[in-house]
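> could you work out the structure for the sequence below:
(one chain, ligands or ions: 1)
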Amino acid sequence: MSKDAPTLAKKSRVLILGGSFGGFYTAYHLDKTLAADPTAEVTLVSRENYLLFTPMLHEVGAGDLDMSDIVSPPRQVLKHAKFLEAEVERINLDERKVTLAYGLERWHKELFYDHLVLALGSETNFFKLPGVEERALTMKSLGDAFYLRNHALALLEIASLTEDDVARRAMLTFVVAGGGFAGTETVGALNDYLRAAKKYYPALARADVRIVLVHPSAVILPELGESLGRYAQGKLTARKVEMRLETRVSGYSDQGVELKNGEIIPTLTLIWTAGLTTPGIVESLPCKKEKGRVVVEETLEVPGFPGVWALGDCAWIPNARTGSPHPPTAQHAMREAAQCAKNIVAAIRGGEKKKFAFKTIGQLASIGHHTGVAEIMGFHFSGLIAWWLWRGIYLAKLPRLEKKVRVALKWALELLFAKDIAQYVTLEGLDRLERRIEYLRHHPLVMAQGTPTRPPEQALESQPQRGVSNA
Ligand SMILES: Cc1cc2nc3c(=O)[nH]c(=O)nc-3n(C[C@H](O)[C@H](O)[C@H](O)COP(=O)(O)OP(=O)(O)OC[C@H]3O[C@@H](n4cnc5c(N)ncnc54)[C@H](O)[C@@H]3O)c2cc1C
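This is a model prediction of the structure:
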């Protein structure tokens, strides 16, 4: 089917790829309108079966919140739209077809669409620096935050038994690359966590714990301007975070993290937050791109591909007011999603499609120890008041009342009690998990699915058919 051929399907099929701020909220808005209409079908596909509230990710990494506190499963939020947990493997814009892979054996399923929403976000960019991708931790997914907490506690446990001074110091040195929001918030939270946890490890000397932030410019948090960046820097330094400014990580080997200025920091932990890129599947699409992101019109439509829309971090959305694209933030992706949903409804039911317009309201960062920095509508805030603003604003933004209550309670309890230092997964536990996955992989029922691996009920869907829906 060519991209211009009229669809004869009875239902208007809207397929949304990516379940984060862009995709989840597009589905959420359509759920209240189009998805409830029997002549339409809205399907959301994502790798994870939850929306991850990234602004609070560092709180999970540093033991303030639990993993389930900051996620919202679309299955519990969407009433009409369908959800599929799968990997998007191929997107064929000419045939209006998307191939998904799911399960341990990556079985395939093909879906056809009338409207496709690309909300596949961004991925970590390691810039091909030697050893970094293989050895560094990242701070983008829920797994990353869980792993960081577990890894930090595992190192405290091992270090407390290690007699070799050099090895112990390397174990207790944590380097974060990138002084943007993700890096700075991670450093602040991790510093608080490790220093609070240390008191339960009497065998460790306070001076052994080192947290280092590496940032290429003279001032961190460039998005918030120089004065707030310097304030954050001063506060972190006062709490013993070491700054390595105007230099970059150039590699990571068994000797440690190598900096461009020649310094080598012996460590077993580099947390890489210093770059993002567009996922390969988006880059490979035959539409116009700018820095890897899909160029869209102000209505969020992809030019030359009717019925294809893009938003969030993977889209290059022109901003007529500034002449630059809209920035890749959750704040923007959520608003783009609302506009995209309205425009899809207008495209299907008839109506005027509107241009996306939004001005950043403000930006906030929590830098640990009940301190924050914020710029809201041109006004600058710092210290305790900015920290309260951060907590209040993000608590209000966190989806679902249940999660808001949980987080508010945990934050209140945290003022009274010490942070928990339970290491959830030990090395032995990891080993058992691996064996369990292998067992599942070789289970006769799993094997019976065979390898071209398409479950029988999907045979019909492998061909574009009139009136056949994706349900
Ligand atoms: C640690 C951290 C803190 C942040 N803090 C803030 C903040 O305070 N304020 C703010 O405004 N922004 C913040 N951001 C930025 C914000 O999270 C992003 O701008 C926002 O998540 C972009 O949403 P998105 O939907 O475009 O893409 P993403 O969040 O990148 O999500 C993409 C989605 O697509 C899915 N996906 C990707 N490829 C595939 C595939 N092949 N198959 C199936 N699914 C796929 C992913 O699993 C994911 O669900 C932060 C980001 C991080 C990492």
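> what residues does the stretch 301-450 of the chain put near the ligand?
Applying CB under 6 Å from any ligand atom, one finds that the stretch 301-450 of the chain approaches the ligand through 312-314, 328-331, 333. From N, CA and C alone the C-beta is placed, and that goes for glycine too.
> among those, which pair sits farthest apart?
Farthest-apart pair in those is C314 and Q331; separation 16.2 Å (CB to CB).
> got a winner among the residues of the stretch 301-450 of the chain next to the ligand for most neighbours?
G312 (32 neighbours; other CB atoms under 10 Å).
> pretty sure it is touching P328, no?
Yes: using CB atoms under 8 Å, G312 makes contact with P328 at a distance of 7.2 Å.
> got a list of what the closest residue to the ligand within the stretch 251-400 of the chain touches?
Taking CB to the nearest ligand atom, the ligand has its nearest neighbour within the stretch 251-400 of the chain at G312, 2.1 Å off. By CB atoms under 8 Å, 6 or more residues apart in numbering, G312 lies in contact with 18, 20-23, 119-121, 328, 332-333, 336-337.
> of the residues you listed, closest to A386?
The nearest one, if we look at the contacts of G312 relative to A386 and count by CB to CB, is H332, at 21.2 Å.
> give me the element that closest one is part of.
Applying DSSP states H and E as the criterion places H332 in helix 330-349.
> that helix: which residues count as buried?
330-345, 347-348 (16 or more other CB atoms under 10 Å).
> repeat for stretch 285-294
Buried residues in stretch 285-294 (16+ other CB under 10 Å): 285, 287, 289, 292-294.
> which of those residues sit farthest apart?
C287 and G292 (11.8 Å).
> which residues does the residue positioned nearest the centre of the chain contact?
By CA atoms, centre = their mean, the chain has its centre lying nearest to K140, at 4.4 Å. Residues near K140 by CB under 8 Å, 6+ apart: 54, 57, 123-124, 182.
> rerun that using 7 Å as the cut-off
By CB atoms under 7 Å, 6 or more residues apart in numbering, the contact list for K140 reads T124.
> mind checking which helix or strand it is in?
Going by DSSP H and E, K140 is not in any helix or strand.
> could you do R244 as well?
strand 241-245.
> who's in contact with stretch 57-72?
50-53, 56, 139, 142, 145-146, 148-149, 185-186, 189-190, 192-193, 399-400, 403, 406-407, 410, 414, 419-420.
> repeat for stretch 217-228
179-181, 184, 229-230, 232-233, 245-246, 363, 365, 373, 375, 380, 382.
> list only those of these flagged as buried.
179-181, 184, 229, 232-233, 363, 365, 373, 375, 382.
> quick one: the helices in the stretch 1-150 of the chain?
In chain order, the stretch 1-150 of the chain shows helices spanning 21-31, 57-61, 74-77, 132-135, 142-159, with DSSP state H, counting those that start in this stretch as the criterion.
> the ligand is nearest to which of the ones you listed?
The ligand sits nearest to helix 21-31 of all the helices of the stretch 1-150 of the chain, at 3.2 Å, using CB to the nearest ligand atom.
> report all helices and strands that the closest one contacts.
Contacts defined by 3 or more CB pairs under 7 Å, 6 or more residues apart in numbering; DSSP states H and E place helix 21-31 against strand 12-17, strand 40-46, helix 74-77, helix 330-349.
> which residues does that helix contact?
14, 16-17, 42, 44, 46, 51, 74, 77-81, 117, 119, 121, 311-312, 330, 333-334, 336-338, 340-341, 344.
> can it be found next to the ligand?
Yes: for helix 21-31, a contact with the ligand is found by CB under 6 Å from any ligand atom, at 21-23.
> ok, back up a step: want to throw the residues of the stretch 301-450 of the chain next to the ligand into CSV with pLDDT?
As requested, those are exported to CSV (pLDDT from 0 to 100):
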residue, pLDDT
G312, 98
D313, 98
C314, 98
P328, 95
T329, 95
A330, 96
Q331, 95
A333, 98
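> quick revisit: quick one: the residue of the stretch 251-400 of the chain closest to the ligand from L129, how far?
26 Å (CB to CB, to the nearest Å).
> can you redo the residues of helix 21-31 next to the ligand as CSV with neighbour count?
Formatted as CSV, the residues of helix 21-31 next to the ligand follow (neighbours: other CB atoms under 10 Å):
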residue, neighbour count
F21, 27
G22, 32
G23, 28
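> what's the closest of those residues to R239?
Closest to R239, out of all of these and judged by CB to CB, is F21, at 30.9 Å.
> which residue sits closest to the closest residue to the ligand within the stretch 101-250 of the chain, ignoring its sequence neighbours?
Scanning the stretch 101-250 of the chain for the residue nearest the ligand gives G121, at 2.0 Å (criterion: CB to the nearest ligand atom). Nearest residue to G121, sequence neighbours excluded (CB to CB, 6 or more residues apart in numbering): D313, at 4.5 Å.
> ok, now T278?
Using CB to CB, 6+ apart, the closest residue to T278 is G292 (3.6 Å).
> quick check: the gap between the residue of the chain positioned farthest from its centre and W272.
The centre of the chain is farthest from one residue, E163, which by CA atoms, centre = their mean lies 38.4 Å away. Using CB to CB, E163 is found at 31 Å from W272.
> ditto for P306
Taken as CB to CB, the span from P306 to W272 is 39 Å.
> the more surrounded of those two?
Comparing P306 with W272 by other CB under 10 Å, the one with more neighbours is W272, at 28 against 13.
> ok now do the more buried one, which residues does it touch?
124, 126, 132, 136-138, 177.
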